[in-house]
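curious how this folds, go ahead:
(one chain, ligands or ions: 3)
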Amino acid sequence: MVVATPNPIRSEKMRNIELPIIDLSAERPEVSGLIVRACQEFGFFKVINHGVSQDVIARMESQSFEFFAKPVPEKQLAGPANPHGYGSKNIGFNGDVGEVEYLLLSTNSASISQMSNVISPHDPTLFSSAARCYVEAVRGLACEILELMAEGLWVSDTSAFSRLIRAADSDSLLRLNHYPPLTEDSDTSPSSFRRIGFGEHTDPQILTVLRSNGVGGLQISLEDGVWIPVAPDSSAFCVNVGDVLQFNGRERPKETNWAKFALKAYTAFVKAMTNGRFVSVRHRALANSYKPRMSMAYFGAPSLHARIFPPPELVTPQRPRLYRTFTWAEYKKAAYSLRLGDGRLNLFRSRTVDEG
Ligand SMILES: C=C1C[C@]23C[C@@]1(O)CC[C@H]2[C@@]12CC[C@H](O)[C@@](C)(C(=O)O1)[C@H]2[C@@H]3C(=O)O
Ligand SMILES: O=C(O)CCC(=O)C(=O)O
Ligand SMILES: [Fe+2]
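Ligands and ions are numbered 1, 2, ... in the order given. Next up is the predicted model:
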């Protein structure tokens, strides 16, 4: 007897909303205003004209595909993901699964070298040099975005955010996700060819800079149960606000038409935003039946001992602190002890209005 398994994806709502695409080659004040706006409204945006060389991207992508094309026993030599290394289907330590295989690396140079010896034993430098160049380039992009963000928020210390991920001992990660095409399904309707690759979650770090190989699958959610597909674009990077950047909770402005907003005088807007409110975006990735999807995500994180608190400009009597000061080590420990989809920031809420 064949028992039909309900496909949760089939019953969900999808919405097509125009997600922000920010041209980093435009005038700096305009770009910083647009970034702040996107972080507040969506916690997500795409960047184009980002300055990361196509050659650096292509080398990393080809090394990744080469790794995932290897026979399973060879890939397993780089595993299990603990938390770094090769993993398949199991995500984290708390029972989450998805149609994905991945390689999770610490971005520090020694760790990349060590992993490269296992990943490309015949010539480790092929992988290590591709990964080092890629990490350096995307870290540069993440820092640039964080500095633009600080400018847009009128935070006087414009390196306040970027300094955290520039630290030599930053806990940043590089994750290569490979979503193999789905084939074994007797139901041929389009929705049956979509399965959870990487379940719903927010990224715990500061900022995620992600690209994929031009195959769709990434979706974001602004409202429970409503998913917005992110159109694939291999020339753009997707930027996600992570938990650590969500300082003051969630408040969405009324204007939802991105193009209309872009035409408005941005200064008036920024003045109203000096106590900016950021959204750590919930997202997920679906696998599809047609083509393999590969995403490469850089998670910009502070060093383990770094203390996380908002710059003074973002705290006022009208907008008191919502979260207490915590170290990244504390937050990471909490995040990694929970399931993928669990909310975590509430564990760090201030008990009193101005508690630090
Ligand atoms: C289930 C989990 C996997 C994860 C650690 C966690 O306990 C909760 C957060 C997950 C996440 C999401 C973003 C990144 O892909 C990741 C590496 C991270 O830092 O937090 C993963 C963790 C993981 O896969 O180990
Ligand atoms: O593959 C994707 O597009 C999303 C992956 C992701 O969210 C993650 O690795 O944390
Ligand atoms: Fe993610």
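
residues from the stretch 251-356 of the chain in reach of ligand 2?
283, 285, 295, 297 (CB under 6 Å from any ligand atom). Heads up, the C-betas are built off the backbone N, CA and C, glycines and all.

return the member of these nearest to His84.
The shortest approach to His84 among those belongs to Ala297, at 13.9 Å (CB to CB).

quick one: residues contacting the closest one.
173-175, 177, 208-210 (CB atoms under 8 Å, 6 or more residues apart in numbering).

and those, which of them are in strands?
Counting by DSSP state E, the contacts of Ala297 place 173-175, 177, 208-210 in strands.

residues near whichever residue of the chain sits closest to ligand 1, how many?
Nearest residue of the chain to ligand 1: Gly92, at 2.5 Å (CB to the nearest ligand atom). Using other CB atoms under 10 Å, Gly92 has 17 other residues around it.

wait, it sits on Asp342?
No. Using CB atoms under 8 Å, Gly92 is not in contact with Asp342, being 10.6 Å away.

do I have it right that Ser212 meets Lys291?
No. Counting by CB under 8 Å, no contact exists between Ser212 and Lys291, whose distance comes to 10.8 Å.

list residues touching both of the two?
Common neighbours of Ser212 and Lys291 (CB under 8 Å, 6+ apart) do not exist.

the more surrounded of those two?
Ser212 (24 against 15).

ok, the residue most central in space within the chain - contacts?
Residue closest to the average C-alpha location in the chain (CA atoms, centre = their mean): Thr208, at 3.3 Å. By CB under 8 Å, 6+ apart, the residues touching Thr208 are 238-240, 242, 297-300.

try 6 Å
240, 242, 297, 299 (CB atoms under 6 Å, 6 or more residues apart in numbering).

same check, this time on Ser128
So Ser128 contacts 112-113, 116 (CB under 6 Å, 6+ apart).

which SSE is it in?
helix 124-152 (DSSP states H and E).

span of stretch 297-305 from start to end?
23 Å (CA to CA, to the nearest Å).

that one: how far from the chain's middle?
11 Å (CA atoms, centre = their mean, to the nearest Å).

what comes up buried for it?
The neighbour-count criterion (16 or more other CB atoms under 10 Å) identifies 297-303 as the buried residues of stretch 297-305.

okay, and which of those residues map to strands?
Going by DSSP E, the strands hold 297-300 from the buried residues of stretch 297-305.

list the contacts of the residue of the stretch 101-250 of the chain at minimum distance from ligand 2.
For the stretch 101-250 of the chain, the residue closest to ligand 2 is Leu218, as judged by CB to the nearest ligand atom, at 3.8 Å. With contact set as CB under 6 Å, 6+ apart, Leu218 has these partners: 230, 285.

list the contacts for Ser172?
107, 165, 299-301.

and which of these is nearest to His201?
So of the contacts of Ser172, ranked by how close each gets to His201 (CB to CB), first place is Phe299, at 12.0 Å.

tally of neighbours for Leu103?
Neighbour tally, Leu103, other CB under 10 Å: 25.

swap in the one 5 residues further on?
Each residue near Asn108 was counted by other CB under 10 Å, and the total is 15.

do the same with Gly95
When neighbours are counted by other CB under 10 Å, Gly95 registers 9.
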